[in-house]
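Asker: make a model of this:
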Amino acid sequence: MFLLCASMSVTLVAIKAHNAFFIMHLATGKNVEFMEYEGSEDIQHAKKTLEDHRSGALAPGQFKDSELWNLRQAYESAVHPQTGETVPVAFRLSAFVPVNIPICVGMLLAPPTLVNTILWQWVNQSYSAGFNYANRNASSEQDNSTIMKSYTTATLVSCSMAVGLGKIVENAKRISPKTRSFLGKMVPFVAVASAGAFNAVSMRFNEFQEGIDIMDEHGDVHGRSVAAGRQSLGQVALTRIALPMPILLLPPYLYEVMKRNKVMPQGKYPRLAAELVVLTMCLWGAMPSAVALFPQTGTISADNVEEEFRSRVDRNGQPIRHFTYNKGI
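Answerer: Numbers count the residues shown, from 1 in each chain. Sure thing, here's the model as predicted:
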C-alpha cells in the first residue's frame, strides 16, 4: 500500500480510493510514532510543507514523495479534518490499541466481582465515549450540557448492557451445560458490540438529528443532510459491532488450541500473560479491519439525499450525482 501511495501526488485533499487503506496502515501501528505529534511545531511544519507542495512553492526534489506521504499521515493522524483542531493523543486512531491494552489488563487481572466488572466497563465505555466524540463529524457542534448528557447516557446504558447480559446467562439455571458454554462465549460479544454501537450513536446523536455537511467532488459544501448523517452514523455503528468480533470470539478458541498443543503456560500469571499476548494480537488486527469497512470519506447518491439537494450543480455547472461527507471514525 505504501509503495503504491508513495508514487502518487500528495495533497491535503483525501484521495477516496485510498482512504480505507490509509486508515488500515495507520491503525495497525505502523504510524504509532505519530502519537508524538502534539500540535505545536511538528503539526504546523507538516501543514506548511503540504500547503507549499500544493501551491508549487517547494523546490523540485526538495522532498521525496515518501517524505511528503509521511508528513501527510502525521498531520492527518493528529488533526481533526473539519475543525483543524489537534486530536488528544489518547483518542487518535494510532493510540487505540496501546490505550486499550491496560484496559484489557485490568479486565483480566481484576477479581470478577460486580464492582470490578462495573468499574472496568465504565473505564472502557468512558474511553470509547471520548474516542467517539474526538473522531466525530463536526458539522454541528454540541454545547457542554449536551455532551455531558450524551456521555452519561452512553456510559450508563452501555455498562448496563455489558454487565446485564452476562448476569442473565450466569443466572440461567434451565439451560444445558453445552448451551451455557456457547452462550458464555457469545454473550460477551453481544454485550460489548451492542454497548459499543449504542455508545457511538449516543455520543454522535446530533448527526442523526441535525445531519452533516455534504460536499461535491470539488469539496464545496452544499448544506446539511439528515439522510447523509444517518447513513454515516449507521456505518459507524456497524464498525463498533464488527470491532469486538475477533477480540472476543477468537481468543477462547485460540486458548483451547494452545492447551491441546500444550503450549499454554502453567501458573496463573504466565497464563494471563499468554492470554494478554493473544488478546493484544487480536486487538491489533481488529481495529484496522473494522474501521476499513467504510472509508472515512463517505459517499451518498444524490437520489438518496433530501429533495433540495437533488438538482444541485457543481461549480462547473455539472449535475451532482454523488455527494461526499466526513464519516469520522
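Asker: need the contact list for H322.
Answerer: H322 makes contact with E217, T299, I300, S301, A302, according to Cβ atoms under 8 Å, 6 or more residues apart in numbering. The C-beta positions use only the backbone N, C-alpha and C, and glycine is treated the same way.
Asker: of those - the most surrounded one?
Answerer: I300 (20 neighbours; other Cβ atoms under 10 Å).
Asker: got phi/psi on that one?
Answerer: Note on I300: backbone dihedrals following degrees, to the nearest 10 are phi -140, psi 140.
Asker: pretty sure it contacts G229?
Answerer: No. With contact defined as Cβ atoms under 8 Å, I300 does not count as touching G229 (10.0 Å).
Asker: what residues are shared contacts of those two?
Answerer: With Cβ under 8 Å, 6+ apart, I300 and G229 have common neighbours Y325.
Asker: can you give me the helices for the stretch 101-250 of the chain?
Answerer: Using DSSP state H, counting those that start in this stretch, the helices of the stretch 101-250 of the chain run over 114-134, 144-171, 177-203, 205-210, 226-242, 244, 250-260.
Asker: can you tell which of those helices is closest to L68?
Answerer: Shortest distance between L68 and the helices of the stretch 101-250 of the chain, using Cβ to Cβ, is found for helix 114-134: 25.9 Å.
Asker: so what secondary structure elements neighbour that closest one?
Answerer: Contact analysis of helix 114-134 by 3 or more Cβ pairs under 8 Å, 6 or more residues apart in numbering; DSSP states H and E lists helix 96-109, helix 144-171, helix 177-203 as its packing neighbours.
Asker: give the buried residues for that helix.
Answerer: Applying a neighbour-count criterion of 16 or more other Cβ atoms under 10 Å, one finds 117, 120-134 buried in helix 114-134.
Asker: now it: mean pLDDT?
Answerer: For helix 114-134, the mean pLDDT works out to 87.
Asker: same check, this time on stretch 217-234
Answerer: 94.
Asker: what residues sit buried inside it?
Answerer: Quick answer for stretch 217-234 (16+ other Cβ under 10 Å): E217, H222, G223, R224, S225, A227, A228, G229, R230, Q231, S232, L233.
Asker: end to end on that stretch, go ahead and measure it.
Answerer: Taking Cα to Cα, to the nearest Å, stretch 217-234 runs 23 Å from one end to the other.
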